[in-house]
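Peer 1: just to be clear, the model below is a prediction. Sequence and coordinates:
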Amino acid sequence: MRRVLLVLPLVIFLGVAVFLYRGLYLDPSELPSALIGKPFPAFALASLDDPARTLTQADIKGKPALVNVWATWCPSCRAEHPVLNKLKQAGVTIYGVNYKDERAPAQKWLRELHNPYQLNIEDAKGSLGLDLGVYGAPETFFIDAEGIIRHKFVGTIDEQVWRAKLAPLYQQLLDEAKP
């Protein structure tokens with residue numbers, strides 16, 4: 001019994017060490033999401049572009065799209081923004097979720113930096129972000145034509161990430177949507 005008590009702390013330490021060592025090699029952009037394969041959460045929030053208009057999940061259904069969570073206070077969002085504008089020009093459908101932000105600075109940002117979003121959901125209180133399990137901005141969800149979340153990417157989308165990792169996912173959604 002005494003030997004077990006002496007060895008037990010060593011076994012616990014080794015278990016924790018293995019767990020932490022494994023964590024060093026995980027990709028933070030591949031954070032798991034319980035929403036993969038499930039419908040985009042229900043919401044009824046104002047449009048950032050037209051606050052009198054209420055947007056719902058029905059507004060983002062119909063074709064494969066990216067749903068990009070962004071904010072003016074997010075430096076990574078600023079770095080990502082030119083890439084999103086290029087994707088829009090290339091025909092990629094992108095919806096925005098302006099996360100925990102103020103309307104006036106967000107509208108100014110879009111006027112000055114151009115608007116890559118087909119629709120922009122104003123999530124000032126972060127309720128949609130909470131339902132999506134957002135850790136911070138930017139985060140991007142890939143949805144199919146039925147509004148089912150198929151992939152989640154955490155972090156900045158740059159041209160290399162888009163080309164190597166995300167464009168094939170988007171193309172797969174487009175291919176699946178063809179009759």
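Peer 2: Structure's in. What do you need?

Peer 1: what sits up against stretch 96-105?
Peer 2: 48, 51, 67-73, 106, 116-117, 119-126, 128-129, 132, 134, 137 (C-beta atoms under 8 Å, 6 or more residues apart in numbering). Any C-beta I mention is one placed from the backbone N, CA and C, and that applies to glycine too.

Peer 1: where do the strands sit along the chain?
Peer 2: All strands of the chain, identified by DSSP state E, fall at 44-46, 54-56, 65-70, 94-99, 119-123, 139-143, 149-154.

Peer 1: out of everything not next to it in sequence, what's closest to K61?
Peer 2: Leaving out its chain neighbours, the residue that sits closest to K61 by C-beta to C-beta, 6 or more residues apart in numbering is G147, at 4.2 Å.

Peer 1: re earlier: can I have the buried ones of the contacts of stretch 96-105 as a ChimeraX selection?
Peer 2: In ChimeraX syntax, the buried subset of the contacts of stretch 96-105 is picked out as below (16 or more other C-beta atoms under 10 Å):
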select :48,67,68,69,70,71,72,106,116,117,119,120,121,122,123,126,128,129,132,134,137
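
Peer 1: sorry, back to before: got the strands of the chain as a markdown table, with mean pLDDT and distance to V161 columns?
Peer 2: A markdown table is the format used below for the strands of the chain (pLDDT from 0 to 100; distance: least, C-beta to C-beta, whole Å):
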| stretch | mean pLDDT | distance to V161 |
| --- | --- | --- |
| strand 44-46 | 98 | 28 |
| strand 54-56 | 98 | 27 |
| strand 65-70 | 98 | 12 |
| strand 94-99 | 98 | 15 |
| strand 119-123 | 98 | 22 |
| strand 139-143 | 98 | 10 |
| strand 149-154 | 97 | 8 |
